[in-house]
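**Student:** Show me how the following folds:
(one chain, ligands or ions: 3)
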Amino acid sequence: MSEKLAILGSTGSIGTSTLEVVRGQREEFEVISLSAGSNVELMIKQIREFHPKVVSMASREAAERVQAEVGPYVQVLWGEEGLLEVATHPEATYLVSALVGSQGLRPTLAAIQAGKKIGLANKETLVTAGHIVTTEAQKANVPLLPIDSEHSAIFQCLNGESMSDVERLIITASGGSFRDRSRTELANVTVEDALKHPNWAMGAKITIDSATMMNKGLEVIEAHWLFELDYDKIDVLLHPQSIIHSLVEFQDGAVMAQLGTPDMKVPIQYALTFPNRLPVQTTKLDLAKIATLDFREMDFDRYVALRLAFEAGRAGGTMPTVLNAANEVAVARFLRNEIPFLAIDRIVELTLESHQSSVNPTLEEIEEADSWARRFAASQIIPVLG
Ligand SMILES: NC(=O)C1=CN([C@@H]2O[C@H](COP(=O)(O)OP(=O)(O)OC[C@H]3O[C@@H](n4cnc5c(N)ncnc54)[C@H](OP(=O)(O)O)[C@@H]3O)[C@@H](O)[C@H]2O)C=CC1
Ligand SMILES: CC(=O)[C@@H](O)[C@H](O)COP(=O)(O)O
Ligand SMILES: [Mn+2]
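**Tutor:** Ligands and ions are numbered 1, 2, ... in the order given. Below is the predicted model of the structure:
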């Protein structure tokens, strides 16, 4: 048995793909603890199949419903306390951090401080408090293994290389659901349309982030922290097929890329088994069938969210925290049909413009900035501009 797993967000897109990886490599993994929000039915199924010792749900009511079904042999907790228990269970060796949003920060930090290896899908954690998360990981001598497909690709390209030879990272972007529409054509798009990602089946929040290009913005900040590179050395390239997951250019002009069919089981398993590789049940890449790979230069006027993310990342302090929190609120409002699509990046921009950033913020200052940004973004009534 190589890893004993704690999984935050086990009922989500990354969580269920992680359990699919476990199913494919039963002798490699044991599931120790799981957490979910409100999906009681799926949690009960996961408990019956994987026999965790502890699980947690978002609310007491959901936890009681799970406990009533599974009996006393599994401890069912709830709320923030439950997330911390799941993340730091003494028997777990490895945390898969796959909650959505900056609510993943506290439990992920706790797992780092408890010495668990981290498989990081929850990019918002690194965006909101990158300097704290990376410093704590270094102190605890804990690896942060990327699950996000682009960062896994870069991590694989950098294997055995010296960071001083890296000229730049090139993060690929599919362009999301509306990549073939101009900005003015986005005024009346629906939630249903925005949720149709061309290449990946993912949770709702990241699918909207992909449509606004905020996902790529968050990934630029994530790459800055994971690979300790200046923003001037991080580029974004439109690549509609999502076959090249990202690239690294070296100072001698050589460019390394990692390719594969879009299937999160591949980066998830690599993060779990690194430095080893094991077989994965996936569709193998057939380049002759694909025949053509396309690329387009990034347009920062079309994708305002990406420009805002570069600006917030470069500004540092609490600006990335505010970018992330305002975006979380704006995306949730769009998903509830409260605001139009184009209001998402406008709300983020207005929130950033109104924020007084703190330099080298503490965890408490980050949480304060996060709360302030959530309140501000929730209160904005936006005249939508093209
Ligand atoms: N999906 C993907 O392919 C990729 C995702 N990522 C990142 O991974 C993270 C997870 O994304 P994804 O799996 O798509 O998201 P999903 O929305 O599919 O899953 C989110 C998970 O978090 C749980 N959750 C939500 N709210 C709460 C809460 N208040 N308390 C406890 N648990 C909660 C959900 O539970 P429930 O189901 O019960 O609501 C679910 O298990 C995000 O940060 C995303 O950006 C990165 C790369 C690719
Ligand atoms: C699978 C994954 O890692 C997502 O972050 C994906 O990359 C989203 O695609 P785009 O943001 O490029 O549309
Ligand atoms: Mn990604």
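
**Student:** OK, contacts around the residue of the chain at minimum distance from ligand 3?
**Tutor:** For the chain, the residue closest to ligand 3 is residue 148, as judged by CB to the ion, at 4.3 Å. Where you see a C-beta, it was placed from the backbone N, CA and C, and this is true even at glycine. Residues in contact with residue 148 (CB atoms under 8 Å, 6 or more residues apart in numbering) are 120, 121, 123, 219, 222, 267.

**Student:** Next one: it from residue 121, what distance?
**Tutor:** Applying CB to CB, to the nearest Å, the value for residue 148 to residue 121 is 6 Å.

**Student:** The residue lying closest to residue 196 once chain neighbours are set aside: neighbouring residues, count only.
**Tutor:** Computed as CB to CB, 6 or more residues apart in numbering, the closest residue to residue 196 that is not its neighbour in sequence is residue 177, at 5.1 Å. Other residues lying near residue 177 total 21 when counted by other CB atoms under 10 Å.

**Student:** separation between residue 177 and residue 191?
**Tutor:** Here the criterion is CB to CB. By it, residue 177 lies 11 Å from residue 191.

**Student:** ok, now which ones touch residue 47?
**Tutor:** So, once contact is read as CB under 8 Å, 6+ apart, residue 47 ends up touching 34, 55, 66, 70, 74.

**Student:** Let's see that with 7 Å instead.
**Tutor:** 55, 70, 74 (CB atoms under 7 Å, 6 or more residues apart in numbering).

**Student:** which residues does the second one contact?
**Tutor:** Counting by CB under 7 Å, 6+ apart, residue 70 touches 44, 47.

**Student:** any idea of the pLDDT on it?
**Tutor:** In this model, residue 70 is scored at 97, pLDDT.

**Student:** Please apply the same query to the last one.
**Tutor:** On pLDDT, residue 74 comes in at 97.

**Student:** ditto for residue 382
**Tutor:** So residue 382 comes in at 75 (pLDDT).

**Student:** Make sure I have this right: it is in a helix.
**Tutor:** No - counting by DSSP: H, G, I helix; E, B strand; the rest coil, residue 382 is not part of a helix but coil.

**Student:** residues touching it, list them.
**Tutor:** Residue 382 touches 339, 343, 346, 347, counting by CB under 7 Å, 6+ apart.

**Student:** biggest separation within these, which pair?
**Tutor:** The span of the contacts of residue 382, defined through CB to CB, is set by 339 and 346 at 9.0 Å.

**Student:** This structure against ligand 3: which residues are in contact?
**Tutor:** By the criterion of CB under 5 Å from the ion, the positions of the chain lying close to ligand 3 are 148, 149, 150.
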